[in-house]
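Undergrad: sequence and computational prediction follow.
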Amino acid sequence: MLKTRSFKRQAAMLLLTLFSSTALASCSRGATPSAEAGTTNVASTESGGQAGNQCAPELTELEFGIISTESQSNQKPKWEPFIAALSEGIGRDVKASYATDYAAVIEAMGAGKVHMAWYGGKSYIEAAKRSEAEAFAQTVNSDGTKGYYAYLITNKNNPILADIDVEAGDGDQYVIDNAANLTFAFNDPNSTSGFLVPSYYVFAKNDVNPDEVFKELIFAGSHEATALAVANNQVDVATNNSESMVEVEKNDPTAFGNIQVIWTSPEIPSDPIAYRKDLPDCLKAEIQDFFYTYSDEAVLGPLEWQGFDSADDTTWNTVRELEISKSILETTNDATLDEATKQQKLDELNKELEAVQ
């Protein structure tokens, strides 16, 4: 198998190359938001914002957003017991909001219709940028780790495997060299492992624009969808990740048996849990207390978690660095830009990069 390196170390190692590229330069399809316009104004309060001894009595019901990594029919049995425990733990009704795409959760939080959410790294940094999201917890995997891996996958009966060294994990190079003859599926434009990570490591680093090179390129919408597309020979290669493949193995063993991993990324930080920044401080404290102390294995096991660690917005700065680094490489290699415009964009991107280091 391909030897993996830590995500943070890899991001740091890239910086010298990126700044060198900047010096040399000087000599998607969007998902359709489903949330309605308008906001629910949740006033911030000082010193817990309590009315008497009760915290935020006006907030009798909260919405918890869940990104669409798989179908709702698969998600609901795993999530509903946790949502019920959260509701009991904080003493107010909590309803799960299952989205059809990642952007729907981002937009719903921005509109004030979702108060808390489970995000991936990339969808979280988008929500923090434009939807008042504030991360406060990080998921801890069942094995105690706090990371996962992006994959490229293909069908075990696909003839392309004859030219790929599965043990070496060099499927990324095969995809680059043979893209014109391949059909390829990303997950969602706001997915970390299903879009951002492979976009950088597989394509941007090799000066390849995936929009231009494939016989056919699609966005399947979820990790489950990309897995099934590969298992059913609907596409040659697709993105996925180590966490979602565990779910595919449990939910559809036959499909799982048809899938072969051909490339593995460096480690990615595990997922954030976030709430809106403007929730009352007393309510934030209640929510934090629940997440930091909850450890019911019967409820968390189906989600492949053992608990949650305290975290903040900076925990996912490595994902921000990766997204900015991808933009720097794309700008450096953009032949349509004149040198002055290119340098201006690179200067702006490098300032953004410095701000998150």
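TA: Sure, I can see it.
Undergrad: would you map the helices across the stretch 201-350 of the chain?
TA: 210-213, 223-231, 242-251, 253-257, 281-293, 297-300, 317-332, 339-355 (DSSP state H, counting those that start in this stretch).
Undergrad: who are the packing partners of the second one?
TA: Packing contacts for helix 223-231, counted by 3 or more C-beta pairs under 8 Å, 6 or more residues apart in numbering; DSSP states H and E, involve strand 150-155, strand 183-186, strand 237-241, helix 242-251, helix 253-257, strand 259-264. (C-beta placed from N, C-alpha, C; glycine too.)
Undergrad: are there helices or strands packed against the fifth one, and which ones?
TA: In terms of contacts (3+ C-beta pairs under 8 Å, 6+ apart), helix 253-257 is packed against helix 223-231, helix 242-251.
Undergrad: now what about the shortest one, what contacts it?
TA: Looking back up the chat, that one is helix 223-231. 69-71, 74, 153-155, 185-187, 191, 193-194, 220, 234-235, 237-241, 244-245, 247-248, 251-252, 254-256, 258-259 (C-beta atoms under 8 Å, 6 or more residues apart in numbering).
Undergrad: buried ones in the helix or strand containing Ile125?
TA: If you go by DSSP states H and E, Ile125 is part of helix 121-130. Using 16 or more other C-beta atoms under 10 Å as the test for burial, helix 121-130 gives 121-128.
Undergrad: same list (the helices and strands packed on helix 253-257) but as TSV, adding mean neighbour count.
TA: Putting the helices and strands packed on helix 253-257 into TSV (neighbours: other C-beta atoms under 10 Å) gives the following:
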stretch	mean neighbour count
helix 223-231	25
helix 242-251	18
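Undergrad: quick one: terminal-to-terminal distance for stretch 175-191?
TA: Using C-alpha to C-alpha, to the nearest Å, the gap from the first to the last residue of stretch 175-191 comes to 20 Å.
Undergrad: how about the helices and strands packed on helix 223-231, which one is nearest Val94?
TA: Evaluated over these, closeness to Val94 peaks at helix 242-251, with 22.9 Å, by C-beta to C-beta.
Undergrad: could you pull up the mean pLDDT of the closest one?
TA: Per-residue pLDDT values across helix 242-251 average out to 95.
Undergrad: can you list the residues that contact it?
TA: 69-70, 74, 141, 148-149, 151, 153, 223-224, 227, 255-256, 259, 261, 264, 304.
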